[in-house]
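Enquirer: Okay, here's the prediction I keep looking at, along with the sequence it came from:
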Amino acid sequence: MFIGLTGCGSAAADLFTVTRTAGIPAGNLRLRVTDDGRASCNGGPLVEITSAQLITARQARRDLDKLGARRLPAGRQSVFSYRVRTARTTVAWADDSARQAPVLFRLAKLTRDVAKGACGLPR
């Protein structure tokens with residue numbers, strides 16, 4: 001039997017940090033997601049995310065680590081560019097990059113959902 005213990009006041013580990021840049025107003029974002037179910041937008045305070053979002057974030061981190069470091073060039077009609085860093089890898093892509101792994105689509109959606117939901121941002 002395994003019992004996990006954490007010290008009082010210890011910070012949760014980061015799952016990943018996404019930096020999103022955009023050619024539209026209010027589109028730039030720096031999103032940090034932690035393993036205790038919280039996120040920070042643009043350096044603000046940590047706020048709670050939903051349990052479904054945390055599950056998605058944890059799976060995305062596992063998938064990103066398997067995917068490995070890569071950079072996919074943007075297409076001609078890109079609006080958003082993303083860069084995600086985990087403890088093990090960095091991936092960069094744009095919303096219209098060719099040959100995106102499914103995890104990148106899920107991560108872009110999660111980024112938008114957390115920004116609009118928990119962080120209360122317009123995008």
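Expert: Nice, thanks for sending it over.
Enquirer: residues contacting residue 46?
Expert: 34, 38-40 (CB atoms under 8 Å, 6 or more residues apart in numbering). No exception for glycine: its C-beta is placed from N, CA and C like everyone else's.
Enquirer: Which parts of this protein are helices?
Expert: For the chain, the helices defined by DSSP state H cover 51-67, 102-116.
Enquirer: from the ones you listed, which stretch is densest packed?
Expert: Ranked by mean neighbour count under mean count of other CB atoms under 10 Å, the helices of the chain are led by helix 102-116, which reaches a mean of 18.
Enquirer: correct me, but residue 42 touches residue 30?
Expert: Yes - using CB atoms under 8 Å, residue 42 is in contact with residue 30, at 5.4 Å.
Enquirer: Can you name the residues that contact residue 106?
Expert: 56, 59-60 are the contacts of residue 106 under CB under 8 Å, 6+ apart.
Enquirer: Repeat the analysis, applying 6 Å as the threshold.
Expert: Residues in contact with residue 106 (CB atoms under 6 Å, 6 or more residues apart in numbering) are residue 60.
Enquirer: where's it relative to residue 121, distance?
Expert: Distance from residue 106 to residue 121, counting by CB to CB, to the nearest Å: 19 Å.
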